[in-house]
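# the sequence and its predicted three-dimensional model are supplied below.
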Amino acid sequence: MKITKDSNFHLTYCSNIHPGESWLEVFANLEKYVLNLKSRLSPTEPFGIGLRLADIATKELLESNNLAQFQAWLTQHNLYVFTLNGFPYGGFHRQVVKDQVYAPDWSTQERVNYTLKLTQILATLLPEGLDGGISTLPLSYKPWSGEDQATFETVMKKSCFNIASVVAEMIHICEKTGKILHIDLEPEPDGLIENTSEVIDFYHNWLLPIGGNYLSKKLNIEQSLAETKLLEHVRVCYDTCHFSVEYEQPQSVFGRLQSAGIKIGKIQISAAIKVKIPAEVEKRSLIVERLRPFAESTYLHQVIERRSDDTLSHYPDLITALPNLEKSLAEEWRTHFHVPIFIHDYQILQSTQDDIATVLHLLQTNNACQHLEIETYTWDVLPSEMKIDLLTSIQREYEWVLKEFAAN
């Protein structure tokens, strides 16, 4: 949906919050939730969908006339798809996911094939006059490379070639249909590219020279033109939770990316957990007990602590971080756990909701990106006292964003 009738900002929520990997399961969730939400939030205007498709669902959707039937259903109900979530390849709910959310990574042909199927689907569904993005993982998982420089370089080079091969198909689609599609790399803690500096380094020292060389030869164009096309078709998915966990200020991220010529393809609206660490041991014990219910077994919940000298220290997961809190030298912890965006305080804990408000304000003066997607995918694993009816929860998230946007 458009945030206002006269704006070009399109707001949706990501369907990755619903369990289900097959196309039949995905479509059942759309019928159950999206139609209800549209009637409540946008009864007379078009309503956008942020579609998450596992690899198995892409295969099924492309079989027979399933895609045409889905397109007809969208038209019938005044719905449209403008963004896909292509980060999780396989199972994402009710099983142990952890670091396997990064597999297969961008060094593999499996990731290429999956993203090409998503590209075909989005090219068909995307309305005229809109660009369309496919958010994807930040190349790979940093601990998989470890300190091995040769492994790191191999993954980076293969990723550049593979991303450029998908871009070549996106360029072909643009020439044929006029539709601009883009891959939106999603930095997050412990991703192979996890912060603004690493994003810029990847573009300038890896993607543009290596991917540009591949494209220039494949398409028989100048290197400079190939690099321009890469910048058009490879963008950043700015997840407000992830950048907050990295202690990066939205104004700085926006400015640095724009100065580097890197576009933001999608804003994912999500909130992390943050907590100030007091000096008193007994108060720290209370924080440990308050955080413990969030240390669940499905997803990685990376923790980054900030010390008094502003140095940062990483823990791979909240489960492994908690035993260190009482003796930590940190002043603050931030945890990659997507909590409801409409709540700021959780007793002792807080969320990074303020950063979302800052981003919504920046967008109205900066216009860095027009695609916004609410992405609180953790409803199933929230502590029990935080769980309410899912449809109501999603609606409250929309209403919070709309109110906050209007307030700016």
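In hand now; what should we look at?

# any idea of the mean pLDDT for the longest helix along the chain?
Across the chain, the helix with the greatest residue count (assigned by DSSP state H) is helix 149-177. Averaged across helix 149-177, the pLDDT comes to 97.

# which elements pack onto it?
When contacts are defined as 3 or more C-beta pairs under 8 Å, 6 or more residues apart in numbering; DSSP states H and E, helix 149-177 sits against helix 109-125, helix 142-145, strand 181-185, helix 212-219, helix 223-233. Where C-beta positions appear, they are placed from N, C-alpha and C, glycine not excepted.

# what is the mean pLDDT for the fourth one?
To tie it back to what came earlier, the one meant is helix 212-219. 97.

# hang on, isn't residue 167 packed against residue 229?
Yes: contact between residue 167 and residue 229 holds when scored by C-beta atoms under 8 Å: they sit 6.7 Å apart.

# quick one: which of these two has more around it?
Of the pair residue 167 and residue 229, residue 167 is the one with more neighbours under other C-beta atoms under 10 Å, namely 26 against 22.

# so where is the stretch 251-400 of the chain shaky, pLDDT-wise?
Applying pLDDT under 70 to the stretch 251-400 of the chain flags no residue at all.

# try 90 this time
For the stretch 251-400 of the chain, applying pLDDT under 90 flags the ranges 281-282, 346-347, 364, 366-367, 377, 379-380, 383-388.

# which of the helices and strands packed on helix 149-177 is buried the deepest?
Among the helices and strands packed on helix 149-177, the stretch with the highest mean neighbour count (mean count of other C-beta atoms under 10 Å) is strand 181-185, at a mean of 26.

# quick one: mean pLDDT for the next helix or strand after that strand?
If you walk from strand 181-185 toward the C-terminus, the next helix or strand you reach (DSSP states H and E) is helix 196-202. When the per-residue pLDDT values of helix 196-202 are averaged, the result is 98.

# report all helices and strands that helix 196-202 contacts.
Counting by 3+ C-beta pairs under 8 Å, 6+ apart, the packing neighbours recorded for helix 196-202 are helix 250-259.

# what residues sit buried inside the helix it packs on?
Of the residues in helix 250-259, those buried by neighbour count under the rule 16 or more other C-beta atoms under 10 Å are 250, 253, 254, 257.

# which two in these are spaced the farthest apart?
Comparing all pairs in the buried residues of helix 250-259 by C-beta to C-beta, the longest separation belongs to 250 and 257, at 10.8 Å.

# residue ranges of the strands in the stretch 301-408 of the chain, please?
Under the criterion DSSP state E, counting those that start in this stretch, the stretch 301-408 of the chain contains strands at 303-307, 312-315, 330-339, 345-346, 349-351, 371-374.

# mind checking the ones you listed for the one nearest to residue 73?
Distances from residue 73 to each of these were compared using C-beta to C-beta; the shortest belongs to strand 371-374, at 20.6 Å.

# residues contacting the closest one, please?
For strand 371-374, contacts defined as C-beta atoms under 8 Å, 6 or more residues apart in numbering pick out 3, 9-14, 50, 82-83, 85, 133, 135, 265-270, 341, 363, 394, 397-398, 401.

# stretch 21-38: how far from the chain's middle?
Centroid displacement of stretch 21-38 relative to its chain, using C-alpha atoms, centre = their mean, to the nearest Å, is 20 Å.

# make CSV out of the helices and strands packed on helix 149-177 and add distance to residue 348.
Shown next, in CSV, are those (distance: least, C-beta to C-beta, whole Å):
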stretch, distance to residue 348
helix 109-125, 40
helix 142-145, 30
strand 181-185, 34
helix 212-219, 49
helix 223-233, 44
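
# thanks again, I'm all set now.
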